[in-house]
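Model the structure of this input:
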Amino acid sequence: MHNVQFLAAQAVGQVLTGRNLNQVLDQLRRAYPDLTPQQRSALQDMSYSAVRWLGRLDALLGVLLQRPLTDERVRCLLLVALGQLEYGKSAPHAVVDNAVRAAADLKQPWAKGLVNALLRNFLRQRETLALEIDKDRAARLSYPGWWIAKLRSQYPAHWEAMLVAGNGHPPMTLRVNISKGSRAAYLATLTQNGIVAHAVGDYGITLERPLPVEKLPGFAEGLVSVQDMGAQHAAALLDASDGMRVLDACSAPGGKTAHLLELADIELLSLDSDEARLGDNKR
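Residues are numbered from 1 along each chain as shown. Now for the predicted structure:
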């Protein structure tokens, strides 16, 4: 049985060296094909949570540690575990137990004791710790200081509300492939399947509750794709029409590229500067 927390710590460690999280998760899924759907979901949730709240979790870790960590793997494991304890739904004792077992796999004699003591100390003092790190704006909002300063300068009346909104969980939004059917028809199909949703933008549908894509009618047949509402504006703003020759010079992983092809009969050249990401864009 794989320790998903251990795998999530590996993913976070690679992200902190500059890699793309989605690519790292794809590689881990391929490396461990026997992961159950529940484990795959947990791996993604743990990894995303640790990266999303990195500023705050790193601040917590800094307060809890008595001296700097010498092993980056232990740091990443603690970030993942703290993310679970602070933002996840798992029982605290299970999170701590899994983290201690993952620490044992690191083959550092001191790691188990440190992980166990630090996480239990966090659980005992979490309210006091929260008050302490909230004094620092970057830790409280979980954004880099330079980004906070930039937004504050450009949007003095709304900068903090924008940052708070950015930390919220985005809804699951779909893009209807209008070359295969209308949005109204797909909304009717969702209703027939007991899935509550509403139209947004020109081609989008936002689900009231997120669903695994395999439960979406016609997803495998290409009737819809998962794409944030903001990203759906790009193809429409280009206003491509039949017969045009279009260059998508920053195309990976391909959502906007596919949307362009759904909207018009065009000749499209798809490129990206990142060869690894472009590999996921080949059709």
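
those helices in the stretch 51-200 of the chain, which residues are they?
Remark: helices assigned in the stretch 51-200 of the chain by DSSP state H, counting those that start in this stretch are 54-64, 72-87, 92-104, 111-133, 137-141, 145-154, 159-166, 183-192.

which ones are touching the most centrally placed residue in the chain?
The centre of the chain sits closest to Tyr48, judged by CA atoms, centre = their mean, with a distance of 4.3 Å. Residues counted as contacts of Tyr48 (CB atoms under 8 Å, 6 or more residues apart in numbering) are Leu21. The C-beta positions use only the backbone N, C-alpha and C, and glycine is treated the same way.

Let's verify it: helix, strand, or coil?
helix (DSSP: H, G, I helix; E, B strand; the rest coil).

Same check on Leu268?
strand.

Report pLDDT for it.
Predicted confidence (pLDDT) at Leu268: the value is 93.

What's the separation between it and Leu247?
For Leu268, the distance to Leu247 (CB to CB, to the nearest Å) stands at 8 Å.

Of the two, which one has the most company?
Taking neighbours as other CB atoms under 10 Å, Leu268 and Leu247 compare with Leu268 leading, 16 against 11.

tell me the contacts of that one?
If you count contacts by CB under 8 Å, 6+ apart, then Leu268 has 245-248, 257, 260-261 around it.

Thr189 now?
Here Thr189 is in contact with 217-218 (criterion: CB under 8 Å, 6+ apart).

if you set the cut-off to 6 Å instead, what comes out?
Pro217 (CB atoms under 6 Å, 6 or more residues apart in numbering).

now it: how far from Ala249?
36 Å.

picking up where we left off before, export the contacts of Leu268 to JSON lines and tack on distance to Asp34 and pLDDT?
Below are the contacts of Leu268 laid out as JSON lines (distance: CB to CB, whole Å; pLDDT from 0 to 100):
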{"residue": "Arg245", "distance to Asp34": "46", "pLDDT": "95"}
{"residue": "Val246", "distance to Asp34": "42", "pLDDT": "93"}
{"residue": "Leu247", "distance to Asp34": "42", "pLDDT": "91"}
{"residue": "Asp248", "distance to Asp34": "36", "pLDDT": "90"}
{"residue": "Thr257", "distance to Asp34": "33", "pLDDT": "92"}
{"residue": "Leu260", "distance to Asp34": "38", "pLDDT": "94"}
{"residue": "Leu261", "distance to Asp34": "36", "pLDDT": "94"}
